[in-house]
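A.B. asks: Predicted model and sequence follow; I will ask about them next.
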Amino acid sequence: MRTSIDLTPYRRSTVGFDRLFDLLDTGAGHDVAGDYPPYDLVQISEGTYRIDIALAGYKREDVEIVAQQNLLTVKGERAQENEPGEILHRGIPMRSFERRFQLADFVEVETAKFENGLLSITLKRVIPEAMKPRKIEISSGESMPSGLSAKGAPEPEAV
């Protein structure tokens, strides 16, 4: 008998690169609380991503975003509100949450916007100039620096 495993939860928590095998090694146990709050991961363009997190009932003041090296943490805690009357059914969660996203190298938070119960975080890959490929010009054999022969060895001194 063969069991199929849905690997989607392992792939979608990474942004900008595939960390599937690292997550499979460490993420064998699946936490039910890890499914809240629901979110979408969208690639807007090459090197630009957006995380949309559904936060119905939360206010902007209830949510905190912390970006560290290769880790984005979104925390939320709703304040208890005294509502008139008795609540017969609570379908809108009042619980606190903490959602972590593993980021690739050089992925930075560009913007964060909270609107209509949806938190949108835009991420961009910013590669430093020193890491970008650069074209090296090739010179001909005649224009070698003084003191070096074509093979790179010092030229013999004239006596």
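C.D. replies: Looks like it came in fine.

A.B. asks: When you work out contacts or count neighbours from here on, use the C-alpha atoms and nothing else.
C.D. replies: Noted.

A.B. asks: Name the nearest residue to L103, ignoring sequence neighbours.
C.D. replies: N70 (4.4 Å; CA to CA, 6 or more residues apart in numbering).

A.B. asks: Ok, I65 next?
C.D. replies: Leaving aside its sequence neighbours, I65 sits nearest to V74 (CA to CA, 6+ apart; 4.6 Å).

A.B. asks: That neighbour: how many residues sit nearby?
C.D. replies: V74 is flanked by 17 other residues according to other CA atoms under 10 Å.

A.B. asks: so which helix or strand takes in it?
C.D. replies: strand 71-76 (DSSP states H and E).

A.B. asks: other SSEs contacting that strand?
C.D. replies: strand 63-68, strand 97-103 (3 or more CA pairs under 8 Å, 6 or more residues apart in numbering; DSSP states H and E).

A.B. asks: So what are the sheet partners of the first one and their directions?
C.D. replies: Each strand paired with strand 63-68, and its direction, by DSSP bridges: strand 71-76 (antiparallel).
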